[in-house]
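1. test case, fold it:
(2 chains)
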Amino acid sequence: MECGIFHTTYQQDMAFRHTWMEKARLVLLLGFIIIFPFVANRYWLTLANQIGLAAIGAIGLNILTGFTGQISLGQGAFMAVGAYGAGIMANRLGWPIWLTIPAASLLTAGVGAIFGIPSLRLKGLYLAIATLAAQQIIDWLITHWTSLTGGVEALVLRREANVVLGVALRGDRTFYWIIMAFAAATTLFTANLFRTRVGRAFVAIRDQDIAAEVIGINLFLYKLLAFATSSFFVGLTGALTAHYRGIISWERFTIETSILYLAMIIIGGLGSVSGSIYGAAFMVLVPAFITNVGRQFQTTIPAMAQLLPFIQQGIFGIVIIFFLVIEPEGLAKIWRDIKSYFALWPFSY
Amino acid sequence: MDGASERGIVQMAVENLVLHFGGVAALAGVSLEVYQGEILAIIGPNGAGKTSLLNCVSGLYRPTEGRITFEGEEITRLSPHQIARLGIARTFQNIELFRGMTVLQNLMLGRHIHMRTGLLSGGLFWGRAQREEVEHRRIVEEIIDFLEIEPIRKKVVGSLPYGLQKRVELGRALALEPKILLLDEPMAGMNVEEKEDIARFILDINEERGVTIVLIEHDMGVVMDISDRVVVLDFGRLIAEGSPEEVRNNPLVIQAYLGQGSGAYTL
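-> Model (predicted):
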């Protein structure tokens, strides 16, 4: 139980974790992540990988929408740039995975910055429409530029692309480590970013863009930087997905994906790094849970098989409305509330 | 830099500034000088163009005609962030703070132009980035001490009462280490005690830090007490200029405030 937190240096004050409770929770979490693949079956491993991938993408989108306040409906398309970028680099240029992943992420960052240019003039709903254009243009390019992307046919990556130093990186367990490493790095990078100069400038743009400009923040530069940084991580998710699955198709990266990710960060918590992760976990686990429960009833209610997708969508919708109404600040806020309730428990008065 | 006169060195000069919004002239040819180290008050009835003038200086509005020079350099066409870098800071009439951030973060943002950390070094938070944070935190803490806002440094700005928000906004402008500070109604909506506090801060900033101050204020008592010089705007024109005493007795000013034929009143 903590009576108060007393810092004696500014470094201590800037730390992410102040109390032994917080540090203990981190150790527990890391321990869980390390032990998990040894006890989990393949199904749970796939779910964990999905969560990791979604978390990277959600953090990316949160950098742009939650922290910098620029709504983006182009998430799916940017992810496609990362995935197809990695796939094409692997197949056409014969690049190995360790090269395609950073290269494809950087490519996405560039594309994101270009589609971020309208944000200098447009805000809110208007910007949302402009990013929707990005989504449509990129979707169209992928399905129609057949010579490069394979069009509506799925793009299958060369198997040799996943070989690093003679070791083939394949399978759920191997990718579990890769995805978790990237997810951890993304989390740490983003958390650091928002306790230093550039990240603060992003948030300043969200809160009051005119004041931000008047204290010397170059709006043009920083908005593009936010688009690029965000798209980098979104592209990273795409590139990792491409190598993990070994096959990519345009259907994974439609406007639906964009909206799914928006829902993720709204449920998790806009402007919260940990919230992005909670949102990602939520969005992967809830449908899985509903599907499993639905299967239980399949024997008793035969119509379940057809109804299941609709029930899934319906519950999803209800959950999103629930969060918007009850807890607009998302899962991150709920978790904060729980922590602050138990901080002095059982003597809180 | 323009030549020195008996009032000192001209730090900023506004020459024949015209600003049109459609058919309306917010500023119709305003010229004035700001001298290094002075406290200059801009007064005038509502809609006289005071805030428009400040917005032109800080680059938020592009004047239709005229030019503004700061320390001999023309700044008329510069964008707001470039002007901030030259050492011109300001506060707003309706507080424009970063509401979702803490007082500390707001003030650290005031240090933005003095810091170097980029995207990558910030994300890695290693060595220099961390040292820089601490270094600037020290400077910000001095401002926090100066403005006596220690207890609220970790509070989210949006949750603070109005008077404190005004103070935080002043702090953010101070964190820029400006050469000239533009204050747009720093005491609007405050009670007497709060006004006295702010007046004391303004005088201290001017004397101890040697910052030139341009302030818009409606409270004549405060204006008369703290300013070295007063200029009066009315319908986008400069109608009077001089010491507080001179301006108070200027018939044009009385007329602007009270209308024609009300000579019985003085300010």
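2. state the distance from residue B:93 to chain A.
-> Plainly put, residue B:93 is 12 Å away from chain A if you go by Cβ to the nearest Cβ, to the nearest Å. C-beta here means a position set from N, CA and C on the backbone, and glycine is covered the same way.
3. what about that residue, how many residues close to it?
-> Applying other Cβ atoms under 10 Å in any protein chain shown, we find 14 residues neighbouring residue B:93.
4. doesn't it lie inside a helix?
-> No: counting by DSSP: H, G, I helix; E, B strand; the rest coil, residue B:93 falls outside a helix, being coil.
5. who touches it in this structure?
-> B:51, B:184-185, B:188, B:216 (Cβ atoms under 8 Å, 6 or more residues apart in numbering or on different chains).
6. what ranges does the stretch 101-250 of chain A have for its strands?
-> For the stretch 101-250 of chain A, the strands defined by DSSP state E, counting those that start in this stretch occupy A:155-156, A:163-164, A:167-168, A:247-248.
7. let me fix that, I meant to ask about the stretch 151-267 of chain B.
-> Assigned by DSSP E, counting those that start in this stretch, the stretch 151-267 of chain B shows strands spanning B:180-184, B:212-216, B:229-234, B:237-242.
8. chain A: which of those strands is closest?
-> strand B:180-184 (9.5 Å; Cβ to the nearest Cβ).
9. list the helices and strands the closest one packs on?
-> Helices and strands touching strand B:180-184, by 3 or more Cβ pairs under 8 Å, 6 or more residues apart in numbering or on different chains; DSSP states H and E, are helix B:50-57, strand B:88-90, helix B:162-175, strand B:212-216.
10. what's stretch A:158-167 in contact with?
-> Residues outside stretch A:158-167 that contact it (Cβ under 8 Å, 6+ apart): A:90-91, A:94-98, A:100, A:168-170, A:243, A:246.
11. closest one of these to residue A:220?
-> Distance ranking of the contacts of stretch A:158-167 against residue A:220, using Cβ to Cβ, places residue A:100 first at 30.9 Å.
12. circling back: to residue A:340, which of the strands of the stretch 151-267 of chain B lies closest?
-> Taking the strands of the stretch 151-267 of chain B one by one with Cβ to Cβ, strand B:180-184 is closest: 37.9 Å.
13. now do the lengthiest strand in chain B against strand B:237-242, angle only.
-> Taking DSSP state E as the criterion, chain B has its longest strand at strand B:8-21. Relative orientation of strand B:8-21 and strand B:237-242, computed by axes from the mean of the first three to the mean of the last three Cα atoms, to 10 degrees: 160 degrees.
14. circling back: where is pLDDT lowest across the contacts of residue B:93?
-> Across those, the bottom pLDDT score, 88, is held by residue B:188.
15. tell me how many other residues crowd it.
-> 16.
16. now do residue A:105
-> Residues near residue A:105, counting by other Cβ under 10 Å, number 27.
17. I'd assumed residue A:82 was in contact with it.
-> Yes: at 6.1 Å, residue A:105 and residue A:82 qualify as touching, with contact defined as Cβ atoms under 8 Å.
18. and for these two, which residues touch both?
-> With Cβ under 8 Å, 6+ apart, residue A:105 and residue A:82 have common neighbours A:235-236, A:239.
19. most neighbours, which of those?
-> In terms of neighbours by other Cβ under 10 Å, those top out with residue A:235 at 33 neighbours.
20. and the nearest residue to residue A:237 once chain neighbours are set aside, how many neighbours?
-> Sequence neighbours aside, residue A:57 is the residue nearest to residue A:237 in space, at 3.8 Å (criterion: Cβ to Cβ, 6 or more residues apart in numbering or on different chains). Residue neighbour count, defined by other Cβ under 10 Å, stands at 32 for residue A:57.
21. swap in the one 3 residues further on?
-> The tally of other residues near residue A:60 (other Cβ under 10 Å) stands at 34.
22. and it, which helix or strand is it part of?
-> helix A:42-62 (DSSP states H and E).
23. also residue A:340?
-> Assigned by DSSP H and E, residue A:340 belongs to helix A:330-343.
24. quick one: list the elements packing against that helix.
-> So helix A:330-343, by 3+ Cβ pairs under 8 Å, 6+ apart, packs with helix A:255-268, helix A:273-298.
25. most packed of these?
-> Among the helices and strands packed on helix A:330-343, helix A:255-268 has the highest mean neighbour count (mean count of other Cβ atoms under 10 Å in any protein chain shown), at a mean of 22.
26. go through the contacts of stretch A:158-167 and name the one nearest chain B.
-> Nearest to chain B out of the contacts of stretch A:158-167 is residue A:98 (Cβ to the nearest Cβ; 19.2 Å).
27. flag every residue of the stretch 151-267 of chain B that's near chain A.
-> Applying Cβ under 8 Å from any Cβ of the partner chain, one finds that the stretch 151-267 of chain B approaches chain A through B:172-173, B:176.
28. ok, so of those, who is nearest residue B:226?
-> For these, the nearest to residue B:226 is residue B:173 (17.0 Å; Cβ to Cβ).
29. so the closest one makes contact with residue B:89?
-> Yes: using Cβ under 8 Å, residue B:173 is in contact with residue B:89, at 4.0 Å.
30. what is in contact with the two at once?
-> Joint contacts of residue B:173 and residue B:89 (Cβ under 8 Å, 6+ apart) are A:215, B:110, B:181.
31. which non-adjacent residue is nearest the second one?
-> In space, residue B:110 comes closest to residue B:175 once its chain neighbours are excluded; the distance is 2.7 Å by Cβ to Cβ, 6+ apart.
32. you'd agree residue A:37 is in a helix?
-> Yes: under three-state DSSP, residue A:37 falls within a helix.
33. list the contacts of residue B:236.
-> Going by Cβ under 8 Å, 6+ apart, residue B:236 touches B:19, B:25-30, B:48-49, B:52.
34. pull the most distant pair out of those.
-> Going by Cβ to Cβ, the pair spanning these furthest: B:29 and B:48, at 13.7 Å.
35. tally of neighbours for residue 95?
-> Let's take chain A. As a measure of burial, residue A:95 has 18 neighbours, counting by other Cβ under 10 Å.
36. not quite, go with chain B.
-> Around residue B:95 there are 17 other residues, counting by other Cβ under 10 Å.
37. for it, which non-adjacent residue is spatially closest?
-> Of all residues not flanking residue B:95 in the chain, residue B:165 sits nearest, at 4.9 Å (Cβ to Cβ, 6+ apart).
38. same check, this time on residue A:17
-> Distances taken as Cβ to Cβ, 6+ apart place residue A:23 nearest to residue A:17, at 5.2 Å, with adjacent residues excluded.
39. check which helices and strands the helix or strand hosting that neighbour sits against.
-> If you go by DSSP H and E, residue A:23 is part of helix A:20-39. Here helix A:20-39 touches helix A:42-62, helix A:171-193, going by 3+ Cβ pairs under 8 Å, 6+ apart.
40. which other helices and strands does the shortest one contact?
-> Just to be clear, that refers to helix A:42-62. Using 3+ Cβ pairs under 8 Å, 6+ apart, helix A:42-62 sits against helix A:20-39, helix A:75-92, helix A:171-193, helix A:219-245, helix A:255-268, helix A:273-298.
41. just to revisit the earlier point, closest to chain B among the shared contacts of residue A:105 and residue A:82?
-> Checking these against chain B with Cβ to the nearest Cβ, the nearest one is residue A:236 at 13.5 Å.
42. where does pLDDT dip in the chain?
-> Went with chain A since none was named. Low-confidence segments of chain A (pLDDT under 70): A:1-3, A:347-349.
43. sorry, should have said chain B
-> Along chain B, the model assigns pLDDT under 70 to residues B:1-6, B:260-267.
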